[in-house]
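> Sequence first, predicted coordinates after that:
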Amino acid sequence: MPFLDITVIPVPTANKAAYLEHSRHTTPFFKELGAVSVTECWGEDIPDGKVTDFKRAVALQDGETVAVGWITWPDKAVRDTAWEKLMQDERMMGMPMPFDGKRMIFAGFEVVLEG
């Protein structure tokens, strides 16, 4: 089954173009190492929750938008090998991030059902 790396990121709204450019620049690296696809989403309808929500999860500040993205890998083994290589790749390491990486949420998920 596929494996997904999912991120939830607070991005300064004014940095939307830079955020998308960052993704356009990094997507080929992920695909070069086996990613099936890279998907980026820009928050459009992010409701306030009663207990928790996307905004609180990333400590969203005024002037920011929640972005959600995922990388689809064929399986976890390909993903693990790719991330080992990416964390040593100077092309990735030297790239500035157009968002606060300290408030980014990220995790890997095994796909258990697809419809």
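Received the coordinates, thanks. Numbering: from 1, shown residues only.
> Output the lowest mean pLDDT helix or strand found in the chain.
The weakest-scoring helix or strand in the chain, judged by mean pLDDT, DSSP states H and E, is helix 90-93 (a mean of 79).
> elements contacting that helix?
Where contact means 3 or more CB pairs under 8 Å, 6 or more residues apart in numbering; DSSP states H and E, helix 90-93 is packed against helix 16-32. Every C-beta, even on glycine, is put in place using the N, C-alpha and C of the backbone.
> what's the least confident helix or strand of the chain in contact with?
Contacts to helix 90-93, defined as CB atoms under 8 Å, 6 or more residues apart in numbering, come from residues T26, F29, L86, M87.
> Narrow those residues to just the buried residues.
T26, F29, L86 (16 or more other CB atoms under 10 Å).
> Kindly indicate which of those lies nearest G63.
T26 (23.9 Å; CB to CB).
> which residues touch the closest one?
So T26 contacts V38, M92, M95 (CB under 8 Å, 6+ apart).
> How many residues are close by the last one?
Looking back up the chat, that one is M95. Neighbour count for M95, taken as other CB atoms under 10 Å: 13.
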